[in-house]
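>>> pasting the sequence and the predicted model now:
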Amino acid sequence: MYRIKINNMKFHSYIGVYPEEKKLGQNIEIDLVVKINDFVKADHLKYTISYSDFYQIVSEIVASSRVDLVETLAQEIISSIKELDRNKITQVSVRIRKLAVPIDGIFDSVEIEMEG
């Protein structure tokens, strides 16, 4: 077993509950951890799951999504990553950070973390 991690992917998204979030969008950061229940049998990409596939999936979901909740976005990412290979991928963990939210307060970001 091993894990593939992609840290701090940066995207501009149009997700959120408030109209400003849907209209102007906002920057988000996403961390992904994928647990693989297998061993690499040889030094060739065909014996693993490519992390570039993971990035592509996350990028496409963020670009097309207009959901209200980051939790929904995380669920979409988890489901899509697992669809690549349900036999080898045993767990997906996603952290999504919104860097600017319409909350009156001083903080760096808000973040959710979800596993599935």
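That came in fine, so what should we check first?
>>> any chance you could map the helices in the chain?
19-24, 51-64, 70-83 (DSSP state H).
>>> what comes up buried for the first one?
The neighbour-count check on helix 19-24 (16 or more other C-beta atoms under 10 Å) flags residue 21 as buried. All C-beta spots, glycine's among them, are computed from the backbone N, C-alpha and C.
>>> I figured residue 76 hits residue 66, correct?
No - Residue 76 is beyond contact range of residue 66, at 11.5 Å (criterion: C-beta atoms under 8 Å).
>>> ok, those two, which is more surrounded?
residue 76 (18 against 11; other C-beta atoms under 10 Å).
>>> for burial, what's the neighbour tally of the residue nearest to that one when sequence neighbours are not counted?
Closest residue in space to residue 76, ignoring its immediate chain neighbours: residue 61 at 5.3 Å, by C-beta to C-beta, 6 or more residues apart in numbering. Residue 61 has 20 neighbours, counted by other C-beta under 10 Å.
>>> residue 61 and residue 114: what is the separation?
14 Å (C-beta to C-beta, to the nearest Å).
>>> pLDDT-wise, which helix or strand of the chain ranks last?
helix 19-24 (a mean of 88; mean pLDDT, DSSP states H and E).
>>> chain center to it, what's the gap?
How far helix 19-24 lies from its chain's middle: 21 Å, per C-alpha atoms, centre = their mean, to the nearest Å.
>>> going forward, the N-terminal residue is numbered 56.
Sure, I'll start numbering at 56, so the last one becomes helix 74-79.
>>> show residues contacting that helix.
Residues from elsewhere that reach helix 74-79, judged by C-beta atoms under 8 Å, 6 or more residues apart in numbering: 69, 70, 71, 121, 157.
>>> residue contacts, the first one?
In this case it means residue 69. 76, 77, 78, 80, 120, 121.
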